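# I'd like to go over a predicted model; first the sequence, then the structure.
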Amino acid sequence: MINTLLDKTKGDRWIWLIIILLSLISILTVYSATGTIAYNKGVTVEKYLLYKHVIFVILGIGMIYISHLLDYKYYAGISKILMIITIPLLLYTAAFGENINDASRWVKIPVIGLTFQTSDLAKLALITFLARMLTRKQENIKDVKKAFIPIMGSVCVVFVLIAWANLSTALMLFGVSILLLIIGRISIKQIMMVCAGGAVLLMFIVFLGPRAATYKSRINSFLHPEEQHSDKTYQADQSKIALATGGLFGKGPGNSTQRNFLPHPYSDFIFAIIVEEYGLMGALTMVVLYLVLLYRCVRIVTQSPKAFGALLAAGLSFSLTIQAFANMAVAVGLGPVTGVPLPLVSMGGTSILFTSIAFGIILSVSKDVEEKNSSKKVIIGEIPAMA
């Protein structure tokens, strides 16, 4: 059975290796970082980890395998369905979502009682939908009514609905959308108009949105930490302590002390725990893994014979790597505190599952590239040599 599964496993081997390494790092670090929360819940770390993380990691790898087997062309049709589901779901979340950590980003799933972060679905839906729209509108890509307005309408609606409760995710998704517009040959003039409109929406949300006070506080704490009360900079300060005490090789697995002080050391600040326990070498390993991932994905983009496959791989890979470096930037003090998880490493069920689907789609495009390249080699090999 194992041999059968391995025979069906296709796609870029380097990306598969990165997936396995990130999953192992995730299990080791979350095991260490969940000590305090497990104690507060009155259970052992092993029990809490097994029920709340390892199962999701295994499910995630299963989702990668299943989604990579599906021909990536089918995701064009699926994206339309996802967008139809996503918009009402985001509206419902904004109005009736579960309030966790002062933000309504989650919807409770009936019967099983688990919470579901709708922005994770929205990211996947918008990127796949944009790839589909940009591919189909190439003949009229410069036409404002036929291409620009329909494409940007979807971007702006999703951006506003996510930004209402999760500005950092909305900004990253907006940035990925702009990159896709550039690759998709939207005119620079139109893109500048989009950026200007996005800036206006951003100012409105930051100063008048329901979390305006939180956003302004975090920006002020980042720009002027010396003027803030220690409570305002507590998370950033504890993260810096973890980084400073990590040294070159770290304190060793399971020896973190800042996990007892950092809020969410298993998700938002998991990179700080990695640096504390594995040192500078651990930090460099993480950076290299995501850079190699980006490089391998760019190779897939450049080799993909179809525009939809190229745009799909580009959008999803940009989303994953931008999110990864945003998380690491916050941990090292290069950005204001956000709730962005480290892809495939941070604890979080919906984040792991939707990140896994994104990896699976990228591998599906890679599989198609490999099949096209192998068929070309066979054809070339059959051409008789000239006498």
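On my side now, so go ahead.
# Tell me the secondary structure of Ser346, please.
Secondary structure, DSSP: H, G, I helix; E, B strand; the rest coil: Ser346 is coil.
# For Phe96, see how far away it is.
From Ser346 across to Phe96, the span is 26 Å (C-beta to C-beta, to the nearest Å). For the C-beta atoms, the positions are set from N, CA and C on the backbone; glycine is no exception.
# quick one, which of these two is more surrounded?
Ser346 (25 against 10; other C-beta atoms under 10 Å).
# ok, the residue nearest to that one when sequence neighbours are not counted - contacts?
Nearest non-adjacent residue to Ser346, counting by C-beta to C-beta, 6 or more residues apart in numbering: Ser267, 4.3 Å away. If a contact means C-beta atoms under 8 Å, 6 or more residues apart in numbering, then Ser267 has 339, 341, 346-348 as its contacts.
# Could you do Phe318 as well?
For Phe318, the contact set (C-beta under 8 Å, 6+ apart) comprises 176, 179-180.
# Pull out the buried residues from the helix or strand Leu24 falls within.
Per DSSP states H and E: Leu24 is located in helix 13-33. For helix 13-33, a neighbour-count test (16 or more other C-beta atoms under 10 Å) marks 15-16, 18-19, 22-23, 25-33 as buried.
# Please state the offset of the next helix or strand after that helix from the chain centre?
Using DSSP H and E, the helix or strand that follows helix 13-33 in sequence is helix 35-40. Put simply, helix 35-40 sits 26 Å off its chain's centre (C-alpha atoms, centre = their mean, to the nearest Å).
# tell me what helix 35-40 is packed against?
The contact analysis (3 or more C-beta pairs under 8 Å, 6 or more residues apart in numbering; DSSP states H and E) places helix 35-40 against helix 45-49.
# Show me the helices in the stretch 101-250 of the chain, by range?
For the stretch 101-250 of the chain, the helices defined by DSSP state H, counting those that start in this stretch occupy 118-136, 149-163, 167-183, 188-208, 212-223, 234-246.
# Can you lay out the ones you listed as TSV showing mean pLDDT?
Output for the helices of the stretch 101-250 of the chain, formatted as TSV (pLDDT from 0 to 100):
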stretch	mean pLDDT
helix 118-136	92
helix 149-163	86
helix 167-183	90
helix 188-208	82
helix 212-223	77
helix 234-246	89
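# Nearest to Lys216 among the contacts of Phe318?
Nearest to Lys216 among those is Val176, at 25.2 Å by C-beta to C-beta.
# Surely the closest one is in contact with Ser319?
Yes: with contact defined as C-beta atoms under 8 Å, Val176 reaches Ser319; the gap is 4.9 Å.
# Pull up the overlap in contacts between those two.
Here Val176 and Ser319 have Ile127 as joint contacts, going by C-beta under 8 Å, 6+ apart.
# hang on, the earlier thing: quick check: PyMOL command selecting the buried ones in the contacts of Phe318.
Command for PyMOL that selects the buried part of the contacts of Phe318, burial taken from 16+ other C-beta under 10 Å:
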select buried, resi 176+180
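# Phe207: which of the contacts of Phe318 is nearest?
Val176 (24.5 Å).
# For that closest one, list the residues it contacts.
For Val176, the contact set (C-beta under 8 Å, 6+ apart) comprises 127, 315, 318-319, 322.
# Just the mean pLDDT for stretch 25-41, thanks.
Across stretch 25-41, pLDDT averages out at 83.
# outside of it, which residues touch it?
44-45, 47-49, 52-54, 57, 253-256, 259-260, 265-266, 270, 273-274, 277, 286, 344-347.
# got the domain boundaries for this protein?
According to the TED database, the chain comprises the domains 11-69+214-366, 76-209.
# so of these, which one's packed in deepest?
Mean neighbour counts were compared across the domains of the chain using mean count of other C-beta atoms under 10 Å; the top stretch is domain 11-69+214-366, at a mean of 19.
# That one spans what distance, first to last residue?
Chord length of domain 11-69+214-366, first to last residue, is 5 Å (C-alpha to C-alpha, to the nearest Å).
# chain center to it, what's the gap?
9 Å.
# need the contact list for the spatially most central residue of the chain.
When C-alpha atoms, centre = their mean is applied to the chain, the residue found nearest the centroid is Leu320 (4.1 Å). Under the criterion of C-beta under 8 Å, 6+ apart, the neighbours of Leu320 are 290, 293, 343, 355, 358-359.
# now do 10 Å
By C-beta atoms under 10 Å, 6 or more residues apart in numbering, the contact set of Leu320 is 123, 176, 290, 293-294, 297, 343-344, 355, 358-359, 362.
# If I look at it, what pLDDT would I see?
Note on Leu320: pLDDT of 95.
# For it, what is the enclosing helix or strand?
helix 307-331.
# ok, Asn373 to Ile219 distance?
48 Å.
# now do Tyr65
41 Å.
# ok, now Lys372?
Noted for Lys372: a distance of 47 Å to Ile219, by C-beta to C-beta.
# Tell me who's in contact with the closest residue to Arg132 other than its chain neighbours.
Of all residues not flanking Arg132 in the chain, Ala76 sits nearest, at 4.5 Å (C-beta to C-beta, 6+ apart). Taking C-beta under 10 Å, 6+ apart, we find Ala76 in contact with 128-129, 131-133, 135-136, 308-309, 312.
# Ala76 and Ala147: what is the separation?
Per C-beta to C-beta, Ala76 is found 16 Å from Ala147.
# cool, and Ala125?
In terms of C-beta to C-beta, Ala125 sits 19 Å off from Ala147.
# next one: Val30
Distance, Val30 to Ala147, by C-beta to C-beta: 44 Å.
# do the same with Phe354
Distance from Phe354 to Ala147, by C-beta to C-beta: 28 Å.
# cool, Phe56 as well?
Taken as C-beta to C-beta, the span from Phe56 to Ala147 is 39 Å.
# ok, now Ile109?
37 Å.
# before we move on, what about Tyr295?
Taking C-beta to C-beta as the measure, Tyr295 falls 31 Å from Ala147.
# Now for the closest residue to Ala170 other than its chain neighbours: which residues touch it?
Spatial nearest neighbour of Ala170, chain neighbours left out: Ala163 (3.6 Å); criterion: C-beta to C-beta, 6+ apart. Contacts for Ala163 (C-beta under 10 Å, 6+ apart) come out as 119, 169-171, 173-174, 198, 201-202, 204-206, 209, 211, 215.
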